[in-house]
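Chemist: Pasting a predicted model and its sequence here:
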Amino acid sequence: MTDLPSQLPPLRDVVNRHGLFASKALGQNFLFDEQLLDRIARVPGNLRGANVLEVGPGPGGLTRALLRAGANVTAIEMDKRCLPALAELSDAFPGQLTVIEGDATRIDPAALFDGPWHVAANLPYNVGTLLFTGWLSGQEWPPRWQSLTLMFQLEVAERIVARPGTDAYGRLAVLAQWRAGPVIAMKVHRSAFTPPPKVMSAIVHVEPAAMPAGVSARMLERVTEAAFGQRRKMLRQSLKGLPGALDVLEPLGIDPQRRAETLSVDEFVGIARALTA
């Protein structure tokens with residue numbers, strides 16, 4: 001890991017000098033603790049020379065840590081106020097940082113990189129789940145991203161890694177787990193942020209796993225959408241609007257009187273596979 005260039009001032013000073021404040025409308029909360037940021041940047045493993053996509057870098061706290069780790073960072077930022085601070089960071093780490101002004105929900109990462117990339121981001125709370133499910137979707141697998149290291153509200157993180165039969169288990173858990181391995185890498189106290197959010201946060205790390213054969217990703221999405229759309233109802237009721245779904249339950253050994261939150265990820269995959277054929 002390289003040392004922070006001596007000419008680069010503390011992040012808090014940069015924020016004050018540029019008159020930056022965390023925008024509630026953009027879901028921003030700034031992290032200033034350099035040691036904590038370095039810990040987050042180490043979660044994906046060795047990033048030296050690797051391509052990393054960062055969404056919502058703000059004034060560049062995590063960006064600094066990723067650059068110190070030797071990564072080549074492409075950062076997408078829609079807040080114009082933060083661009084001058086990021087430009088200073090780009091000057092301090094020549095050739096390592098590319099800043100794109102824009103909305104990450106409208107930019108295809110595949111158009112930004114020639115090879116594989118990692119994603120590391122303190123995601124804005126208001127678009128975090130949307131971006132996450134987008135990166136997990138699609139029939140193409142394994143994806144071109146090698147890992148996702150993302151900050152979420154703790155409640156969302158727990159939904160991502162939840163097990164069947166728990167209150168947190170739902171559609172997000174199935175979509176995250178059926179062909180990937182999500183884990184909560186670390187929890188982050190609300191006091192670490194400026195301004196402090198009302199809730200705790202957590203870093204979720206995801207690596208692609210083998211995709212089950214014979215399953216349409218779109219069909220799995222349809223099955224989980226129907227099943228959890230009426231999660232308090234039995235499968236015989238929640239799945240009746242999905243053609244053929246009730247017919248495949250008995251051959252799969254799934255009681256139609258069960259509720260969605262009791263089914264394992266493998267059972268959802270089995271239903272989707274039967275309907276894909």
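Modeler: All right, it came through fine.
Chemist: For the residue nearest to the spatial centre of the chain, what are phi and psi?
Modeler: Note on the chain: the residue nearest the mean C-alpha position is residue 132, at 4.0 Å, using Cα atoms, centre = their mean. Main-chain dihedrals, residue 132, degrees, to the nearest 10: phi -60, psi -50.
Chemist: quick one, what contacts it?
Modeler: 123, 148, 150, 152, 160, 176 (Cβ atoms under 8 Å, 6 or more residues apart in numbering). C-beta: built from backbone N, CA, C; applies to glycine.
Chemist: How many neighbouring residues does the residue nearest to residue 154 when sequence neighbours are not counted have?
Modeler: Spatially, and ignoring its direct neighbours in sequence, residue 154 is nearest to residue 200 (4.1 Å; Cβ to Cβ, 6 or more residues apart in numbering). By the criterion of other Cβ atoms under 10 Å, residue 200 has 15 neighbours.
Chemist: I'd say residue 200 and residue 190 touch.
Modeler: Yes: look at residue 200 against residue 190 with Cβ atoms under 8 Å: they come within range, at 5.6 Å.
Chemist: Which elements pack onto the helix or strand of the chain with the lowest mean pLDDT?
Modeler: Among the helices and strands of the chain, strand 193-194 carries the lowest confidence by mean pLDDT, DSSP states H and E, at a mean of 78. Counting contacts by 3 or more Cβ pairs under 8 Å, 6 or more residues apart in numbering; DSSP states H and E, strand 193-194 packs against strand 30-31.
Chemist: For the strand it packs on, which outside residues touch it?
Modeler: Defining contact as Cβ under 8 Å, 6+ apart, one finds that strand 30-31 is touched by 11, 15, 20, 22, 37, 58-59, 61-62, 122, 192-194.
Chemist: Farthest-apart pair in those residues, please.
Modeler: By the measure Cβ to Cβ, 20 and 192 form the most distant pair in the contacts of strand 30-31, at 17.6 Å.
Chemist: Helices of the stretch 101-250 of the chain, start to end?
Modeler: Remark: helices assigned in the stretch 101-250 of the chain by DSSP state H, counting those that start in this stretch are 128-136, 154-161, 171-177, 217-229, 235-238, 245-249.
Chemist: Now do the last one: which elements does it pack against?
Modeler: If I follow you right, that is helix 245-249. Counting contacts by 3+ Cβ pairs under 8 Å, 6+ apart, helix 245-249 is packed against helix 235-238, helix 265-276.
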